[in-house]
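J.: need a structure here:
(one chain, ligands or ions: 2)
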Amino acid sequence: MKCEPLFPPPWPQPNGRRALITGITGQDGSYLAELLLSKGYEVWGVVRRSSSITTWRIDHLYEPPWQEDRRLNLVYGDLNDASSLNRILKTVRPDEVYNLGAQSHVKVSFEIPEYTAEVVGVGAVRVLEAMRELGLEARFYQASSSELYGGAREAPQTETTPFYPRSPYAAAKAYAFFITRNYREAYGMFAANGILFNHESPRRGETFVTRKITQAVARIHAGHQDTLFLGNLDAKRDWGFAGDYVQAMWLMLQTDEPDDFVIATGETHSVREFCELAFARVKLPLTWRGQGLDEQGLGPDGRCLVRVDPRYFRPSEVELLLGDASKARTRLGWEPTTRFAALVEMMVEADLKAL
Ligand code: NAP
Ligand code: G4F
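T.: Numbers count the residues shown, from 1 in each chain. Ligands and ions are numbered 1, 2, ... in the order given. So this is what the prediction gives:
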């Protein structure tokens with residue numbers, strides 16, 4: 001799939017600042033790289049070795065290594081390999097480090113909990129410790145998550161809502177959150193946590209529920225697929241647009257004092273509502289029939305378009321996430337620009353176009 005740039009070139013004159021991004025090949029890494037390039041940064045991205053090429057989200061930003069004035073550089077490294085992180089930080093000496101790399105799929109984390117803990121939890125301290133040992137004065141951003149709230153008793157969730165992780169992924173993110181705060185308090189490092197609620201885009205991984213739905217809608221509309229199989233239709237999420245959320249990451253590293261911020265839209269919707277809006281976009285309004293595992297989403301001609309498959313249920317589910325980003329609004333001047341209906345439309349349109 002080809003990415004439509006959100007912050008297109010030409011890049012402005014260099015601003016003399018250098019940023020390092022782990023997870024640059026992911027959804028957020030690609031938008032953040034674009035944003036930083038559009039602000040004049042020299043951007044370095046950590047890429048892990050894979051048997052197939054994983055750079056499709058940043059291919060439109062690629063500059064060959066022989067281009068002398070190139071602004072985007074990729075280096076091999078891995079959050080599971082402290083020596084690679086040490087070497088990269090020592091040679092790049094960035095001003096800002098964005099730690100976005102992760103095994104970021106909650107359901108998969110139940111299947112590979114130890115690996116998830118290594119990459120998501122220990123990976124963060126590997127970066128922080130390498131920065132400390134090198135005496136780097138770089139500012140550090142940790143990609144914390146609303147999954148930390150998991151089974152929280154209050155909604156909306158704010159920076160003071162107690163954490164209640166409900167998956168190996170969330171437990172690992174809790175370690176990363178607290179170690180980031182600890183390095184700030186213990187060593188005076190500029191280390192900030194962005195507690196980001198779900199954010200989506202046409203670049204979202206295909207196994208996250210929003211993209212799975214919009215891709216299926218496009219395929220069903222084109223006659224390439226019959227039915228979409230989903231898990232819990234009633235889970236509710238506060239879904240925003242990734243392009244807005246990377247702006248918040250950058251803003252967090254431009255403050256006078258490091259702090260932790262919730263980033264969210266303040267609206268919550270169910271998976272079911274996401275489906276309804278996405279199918280309606282291609283003139284296939286859904287009617288729900290049946291209960292539980294037998295529930296079906298029927299199209300206007302009675303065809304079964306959505307079914308429930310228990311394989312997509314999680315051993316422990318997060319039923320409701322809803323964020324209150326008042327602190328970010330007041331202190332960072334951050335506001336989301338894209339609301340739920342516009343997000344669904346953007347994603348369906350992109351998947352229709354990509355077919
Ligand atoms: P994503 O699309 O899954 O991207 C994850 C990135 O991490 C990819 O570049 C991946 O590389 C890289 N990665 C995986 N394992 C690694 C390892 N061992 N060493 C180095 N890099 C590794 O995730 P995203 O949606 O962009 O999210 C970015 C970050 O924000 C993640 O930490 C995620 O947990 C967190 N977060 C996301 C959301 C959200 O709604 N999107 C909300 C809150 C927090 P490959 O391309 O090689 O797989
Ligand atoms: O799209 P999801 O897989 O995202 P989830 O679990 O909320 O995690 C995402 O957001 C977190 C921030 O809160 C990030 F930290 C994390 O890295 C990731 O980006 O699932 C959303 C909801 C869940 O309740 C899930 O049970 O959708 C429900 N769902 C229903 N059917 C499904 C499906 N999820 C997936 N992936 N696939 C389904 O078929």
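
J.: so Ala176 makes contact with Ala117?
T.: No - between Ala176 and Ala117 there is no contact under Cβ atoms under 8 Å: 9.9 Å. For the C-beta atoms, the positions are set from N, CA and C on the backbone; glycine is no exception.

J.: So these two - more neighbours on which side?
T.: Comparing Ala176 with Ala117 by other Cβ atoms under 10 Å, the one with more neighbours is Ala176, at 27 against 19.

J.: per-residue pLDDT, the residue lying farthest from the centre of the chain?
T.: If you look at how far each residue of the chain sits from its centre, by Cα atoms, centre = their mean, the farthest one is Asp301, at 36.6 Å. Here, the pLDDT recorded for Asp301 equals 97.

J.: Pull up the gap between it and ligand 2, please.
T.: 24 Å (Cβ to the nearest ligand atom, to the nearest Å).

J.: residues from the stretch 201-350 of the chain in reach of ligand 1?
T.: Gly205 (Cβ under 6 Å from any ligand atom).

J.: try the stretch 51-200 of the chain
T.: 54, 78-80, 100-104, 119, 143, 145, 196, 198-199.

J.: please redo it, this time with the cut-off set to 8 Å
T.: 54-55, 77-81, 99-105, 118-120, 123, 143-147, 169, 173, 194-200 (Cβ under 8 Å from any ligand atom).

J.: List the ones among those residues that fall in helices.
T.: Using DSSP state H, the members of those that fall in helices are 123, 169, 173.

J.: Let me see the ranges of the helices in this structure.
T.: Using DSSP H, helices in the chain cover 27-38, 82-92, 106-111, 113-116, 123-134, 168-187, 209-221, 242-252, 271-281, 326-332, 340-354.

J.: residues contacting the closest residue in space to Trp288 that isn't next to it in sequence?
T.: The spatially closest residue to Trp288, leaving aside those adjacent along the chain, is Gly297, at 5.8 Å (Cβ to Cβ, 6 or more residues apart in numbering). Applying Cβ atoms under 8 Å, 6 or more residues apart in numbering to Gly297 gives the contacts 228, 275, 279, 286-288, 304-307.

J.: redo that, cut-off 7 Å
T.: Neighbouring residues of Gly297 by Cβ atoms under 7 Å, 6 or more residues apart in numbering: 275, 286, 288, 305-306.

J.: now do Thr22
T.: 46, 79, 99-101, 127.

J.: shouldn't Ala117 be in contact with Lys173?
T.: No - in this structure, Ala117 is not within contact of Lys173 by Cβ atoms under 7 Å, at 10.0 Å.

J.: Relative to His199, how far out is the residue in the chain that ligand 1 sits nearest to?
T.: Among the residues of the chain, Gly26 lies closest to ligand 1, at 2.1 Å counting by Cβ to the nearest ligand atom. Gly26 is 12 Å from His199, where distance means Cβ to Cβ, to the nearest Å.

J.: Isn't Met189 up against Tyr183?
T.: Yes - counting by Cβ under 7 Å, Met189 touches Tyr183, with 4.8 Å between them.

J.: Among these two, which residue is more densely surrounded?
T.: Legend: neighbour count by other Cβ under 10 Å for Met189 and Tyr183, higher for Tyr183 (23 against 20).

J.: give the contact list for the more buried one.
T.: Taking Cβ under 7 Å, 6+ apart, one finds 128, 132, 189, 191 in contact with Tyr183.

J.: can you do 6 Å?
T.: Tyr183 sits next to 128, 189, 191 when contact means Cβ atoms under 6 Å, 6 or more residues apart in numbering.

J.: Tell me the pLDDT of the second one.
T.: With respect to pLDDT, Met189 scores 98.

J.: Contacts only, for it.
T.: Tyr183.

J.: switch the cut-off to 7 Å
T.: Here Met189 is in contact with 132, 140, 183 (Cβ under 7 Å, 6+ apart).

J.: again with the last one
T.: When contacts are counted by Cβ under 7 Å, 6+ apart, Ala191 is found next to 128, 140, 142, 180, 183-184, 258.

J.: Out of those residues, who's the most crowded?
T.: Going by other Cβ under 10 Å, Gln142 tops the contacts of Ala191 with 28 neighbours.

J.: That residue contacts Ala174, correct?
T.: No - using Cβ under 7 Å as the test, Gln142 is too far from Ala174 to be in contact (11.6 Å).

J.: Close to ligand 2: what parts of the stretch 101-250 of the chain are there?
T.: So the stretch 101-250 of the chain meets ligand 2 at 102, 104-107, 145-147, 167, 169-170, 173, 196-199, 205, 207-212, 229-233, 235, 237 (Cβ under 8 Å from any ligand atom).

J.: give me the number of residues near the residue lying closest to Arg132 once chain neighbours are set aside?
T.: Spatial nearest neighbour of Arg132, excluding adjacent residues (Cβ to Cβ, 6+ apart): Tyr187 at 5.8 Å. Other residues lying near Tyr187 total 11 when counted by other Cβ under 10 Å.
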